[in-house]
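K.L.:
fold the stuff below for me.
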Amino acid sequence: MRSQEKWSFDIDRAMDTWRQFMSSNPAIRPADLEELEIHLRDEWESLISRGMEPEKAFDEARRDLGDFSELSTSFEEVHFEKVFRKGQARSETHVIKTVLANYIKTAWRSLIRQKGFSTINILGLGLALAAAFVISMFIRHSLSYDQYLERADETYRIVLDRDFPGENSNQSFVTVGLAELIRAEWPGAEVVTQMYGR
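P.N.:
This next block holds a predicted model:
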């Protein structure tokens, strides 16, 4: 019977795999990656000296270091702090301005080259913005109705809208005995009144 060889953990191979994965993140620069690798190896050695198995120690050290997205966010923040501290902000803003200018040029050329398509897109965008503006104004007006009252959220108005032929074609009214009916049948109503118009 053939004896099985026990698989042993290779720290260099694990580190290479981790380094390849982390180097795909543009926020982490090569110098930062070297520093992270040193920290990861030190943590791994510390956990092994406490009696942990090599593979588990590597997983634990990698977990303590943080996942891909956490490291990405942290290093982007640190990078911008370093840039502003070193006075390189001017060159960074110059790059941003150049990229924006390039995008604007490209968009303008596309608009000129495809006039019909661009006109339809711009008109559609304008109509959509106008519709969104009108809808937001309508909602704002509806939500502001009777808000001058002290207890506006507890105030209700009951009306029946009906169209009549003549000058006042649209009138809002209720039947005459509704206020007394609400007072008698609805104990939660504190104050009930009925308005009469001419």
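
K.L.:
now do the host helix or strand of residue 104: distance to the chain's middle.
P.N.:
Taking DSSP states H and E as the definition, one finds residue 104 inside helix 89-113. Here the centre of mass of C-alpha atoms in helix 89-113, compared against the chain's by C-alpha atoms, centre = their mean, to the nearest Å, lies 25 Å away.

K.L.:
now stretch 113-132
P.N.:
Put simply, stretch 113-132 sits 26 Å off its chain's centre (C-alpha atoms, centre = their mean).

K.L.:
which of the residues in it are buried?
P.N.:
Taking 16 or more other C-beta atoms under 10 Å as the basis for neighbour counts, none of the residues of stretch 113-132 comes out buried. In this view, the C-beta of every residue, glycine as well, is placed from N, C-alpha and C.

K.L.:
do stretch 133-148 as well
P.N.:
Quick answer for stretch 133-148: no buried residues (16+ other C-beta under 10 Å).

K.L.:
kindly report the same for stretch 8-18.
P.N.:
Within stretch 8-18, the residues that count as buried by 16+ other C-beta under 10 Å are 11, 14, 18.

K.L.:
what are the phi and psi values at the first one?
P.N.:
When you say that, I think you mean residue 11. Per-residue torsions, residue 11: phi -70, psi -40 (degrees, to the nearest 10).

K.L.:
please identify which of the buried residues of stretch 8-18 is nearest to residue 60.
P.N.:
Relative to residue 60, the closest of those is residue 14; by C-beta to C-beta it sits at 12.6 Å.

K.L.:
how far away is the closest residue to residue 110 other than its chain neighbours from residue 126?
P.N.:
The spatially closest residue to residue 110, leaving aside those adjacent along the chain, is residue 118, at 7.2 Å (C-beta to C-beta, 6 or more residues apart in numbering). The span separating residue 118 from residue 126 equals 12 Å under the rule C-beta to C-beta, to the nearest Å.

K.L.:
and what of residue 190?
P.N.:
Remark: distance between residue 190 and residue 126 (C-beta to C-beta) = 49 Å.

K.L.:
wait, residue 111 sits on residue 118?
P.N.:
Yes. Using C-beta atoms under 8 Å as the test, residue 111 is close enough to residue 118 to be in contact (4.4 Å).

K.L.:
count residues in the vicinity of residue 58, would you?
P.N.:
Here the neighbour count serves as a burial measure; for residue 58 (other C-beta atoms under 10 Å) it reads 22.

K.L.:
what helices and strands are in contact with the helix or strand where it lies?
P.N.:
Applying DSSP H and E as the criterion places residue 58 in helix 54-65. Contact analysis of helix 54-65 by 3 or more C-beta pairs under 8 Å, 6 or more residues apart in numbering; DSSP states H and E lists helix 11-23, helix 30-49 as its packing neighbours.

K.L.:
now the angle from that helix to helix 30-49?
P.N.:
Angle of helix 54-65 versus helix 30-49, following axes from the mean of the first three to the mean of the last three C-alpha atoms, to 10 degrees, is 130 degrees.
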